[in-house]
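Engineer: Fold the following.
(3 chains)
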Amino acid sequence: MDIDGLDDVIFLGAVTVLSALQNVFFAYTVQNESVQKRPANTAFDRVSVASHNCIEVYPTFLALLWTAGLFCSQAPAAFAGLLYLVVRHKYFVGYLGENSQSLPGFFFGKRLMAFLFIMSTAGIVNYATNYFFRINFLYYIQTVTKASAALLLIP
Amino acid sequence: MDIDGLDDVIFLGAVTVLSALQNVFFAYTVQNESVQKRPANTAFDRVSVASHNCIEVYPTFLALLWTAGLFCSQAPAAFAGLLYLVVRHKYFVGYLGENSQSLPGFFFGKRLMAFLFIMSTAGIVNYATNYFFRINFLYYIQTVTKASAALLLIP
Amino acid sequence: MDIDGLDDVIFLGAVTVLSALQNVFFAYTVQNESVQKRPANTAFDRVSVASHNCIEVYPTFLALLWTAGLFCSQAPAAFAGLLYLVVRHKYFVGYLGENSQSLPGFFFGKRLMAFLFIMSTAGIVNYATNYFFRINFLYYIQTVTKASAALLLIP
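Structural biologist: Numbering: from 1, shown residues only, chains lettered A, B, ... in the order given. Predicted coordinates for the structure are as follows:
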């Protein structure tokens, strides 16, 4: 594709490449644990479950990231995606810790996924209103999402 | 992306967002079952296997949905995708039922996946014939797929 | 989408459709084994684990394939993707063999994934340098990747 045609997807692509790299890191951790073959086998079980949980949500994350970026606004979607990668890393590393440590829920990063989902839905609804009633409020949506993206940093 | 450039993907994106929402519903069901911690543990096992089966086919579904929509015709692909979501929901709910209930196969929705696959292949073959022989029968393919999409409703 | 607008993604789409077909083949193999219900149950276990390993890496593969093709160069990305499908097939079939046969690692096809990852990263870095310094070396990247893609055939 021409380099000027990439303006709409370059940040999304960068986040996607980063997340693929993170998946590779997870897979290597699982592989290392499985090679060491500890007798109790608990470490391998834990890292395997953690990687499995992370990878099970991965296609949903990718789908929401790209639909949010294409249909609504690119920069907030990529920002939320980056935050999601950080949350996922913390979840994965936290899972490997002590048993006494409280494990996060099965479905982590709910707020970020909900943000991406609302962005996608707003973009699709806006497309419908633009098609039927010629009412286009995409500019306002983008302003609101850009402003509210900073709120995602609140822990 | 500009709102006029979304004409080709808006339905696909809508179906994708819906399917992501469905995945979230599956994950929540699993989480609820795992929190309740029933003694026999069979309900959690069943819901976990059902969700796992659904999510394992999810990337394949997404890939076929988007290639069918981009290379062939958008509306029938989105329609087949919607039907697939309904079939998946019935599969998931049916898996949670009684043991006596006959479980559907591991690979449900075969007909819809085959439809999407044929659409993608037709689009790619048409691109090749257009490139080599300047024969473009995309219009006929789109007419046939639009007409045959209604046949998918037959149970 | 218009047939002239597909030039940038048609090979990627073809590889994606092929990989989806391969996933369907894996799922059918699992289903056949599960129906036969062998007493020792080892064959089903093995085919299930093999299919699971293959499908777990599938979204990462798709993400890298498309980002490499969109941001850098299409033909080498599709070529590496095709090779990855071949490697994956060998991995799956090899997993079903004898126990004495040494199983390949959990994370197969490392070189091909690394190639796709480097292509994606080069495209994103080139976009950044083009944006900030007006230095566009995409043409050289594409030449290098096209030349080095043949090196992937070395076993």
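Engineer: what about the longest helix in chain A?
Structural biologist: In terms of residue count, the longest helix belonging to chain A (DSSP state H) is helix A:42-71.
Engineer: Just the CA trace of the helix or strand following that helix, in PDB.
Structural biologist: Moving toward the C-terminus from helix A:42-71, the next helix or strand (DSSP states H and E) is helix A:74-95. The C-alpha atoms that make up helix A:74-95 are tabulated as PDB, following Å, rounded to 0.1, in the frame of the first residue of the first chain:
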ATOM      1  CA  GLN A  74      -7.600   6.200  15.600                       C
ATOM      2  CA  ALA A  75      -5.500   7.800  18.400                       C
ATOM      3  CA  PRO A  76      -7.700   7.000  21.400                       C
ATOM      4  CA  ALA A  77      -8.200   3.400  20.200                       C
ATOM      5  CA  ALA A  78      -4.400   2.900  19.900                       C
ATOM      6  CA  PHE A  79      -4.000   4.500  23.300                       C
ATOM      7  CA  ALA A  80      -6.500   2.200  24.900                       C
ATOM      8  CA  GLY A  81      -4.900  -0.700  23.100                       C
ATOM      9  CA  LEU A  82      -1.500   0.200  24.500                       C
ATOM     10  CA  LEU A  83      -3.000   0.400  28.000                       C
ATOM     11  CA  TYR A  84      -4.600  -3.000  27.500                       C
ATOM     12  CA  LEU A  85      -1.200  -4.500  26.700                       C
ATOM     13  CA  VAL A  86       0.200  -3.100  29.900                       C
ATOM     14  CA  VAL A  87      -2.700  -4.500  31.900                       C
ATOM     15  CA  ARG A  88      -2.300  -7.900  30.200                       C
ATOM     16  CA  HIS A  89       1.400  -7.900  31.100                       C
ATOM     17  CA  LYS A  90       0.600  -7.200  34.700                       C
ATOM     18  CA  TYR A  91      -2.000  -9.900  34.700                       C
ATOM     19  CA  PHE A  92       0.400 -12.500  33.200                       C
ATOM     20  CA  VAL A  93       3.200 -11.600  35.600                       C
ATOM     21  CA  GLY A  94       0.900 -11.500  38.600                       C
ATOM     22  CA  TYR A  95      -0.400 -14.900  37.700                       C
END
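Engineer: what's helix A:74-95 packed up against?
Structural biologist: helix A:10-36, helix A:42-71, helix A:110-133, helix A:138-149 (3 or more C-beta pairs under 8 Å, 6 or more residues apart in numbering or on different chains; DSSP states H and E). Placement of C-beta: from N, CA and C, glycine included.
Engineer: most packed of those helices?
Structural biologist: Sort the helices and strands packed on helix A:74-95 by mean neighbour count, taking mean count of other C-beta atoms under 10 Å in any protein chain shown, and helix A:42-71 sits at the top with a mean of 21.
Engineer: what residues does chain A put near chain B?
Structural biologist: A:8, A:56-57, A:59-60, A:63-64, A:67, A:70-71, A:105-107, A:113, A:117, A:120-121, A:123-124, A:126-127, A:130, A:136, A:138 (C-beta under 8 Å from any C-beta of the partner chain).
Engineer: sorry, back to before: the longest helix of chain A near chain C anywhere?
Structural biologist: Yes - using C-beta under 8 Å from any C-beta, helix A:42-71 reaches chain C at A:52, A:55, A:58-59, A:62.
Engineer: Which member of those is positioned nearest residue B:86?
Structural biologist: residue A:59 (19.4 Å; C-beta to C-beta).
Engineer: Please list all residues in contact with the closest one.
Structural biologist: Residues in contact with residue A:59 (C-beta atoms under 8 Å, 6 or more residues apart in numbering or on different chains) are B:23, B:55, B:58-59, B:62, C:59.
Engineer: Same list, those, but as a markdown table with pLDDT please.
Structural biologist: Shown next, in a markdown table, are the contacts of residue A:59 (pLDDT from 0 to 100):
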| residue | pLDDT |
| --- | --- |
| B:23 | 75 |
| B:55 | 77 |
| B:58 | 83 |
| B:59 | 85 |
| B:62 | 85 |
| C:59 | 84 |
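Engineer: okay if I get those as TSV plus distance to residue A:142?
Structural biologist: Listed next are these as TSV, based on distance: C-beta to C-beta, whole Å:
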residue	distance to residue A:142
B:23	26
B:55	32
B:58	29
B:59	29
B:62	26
C:59	28
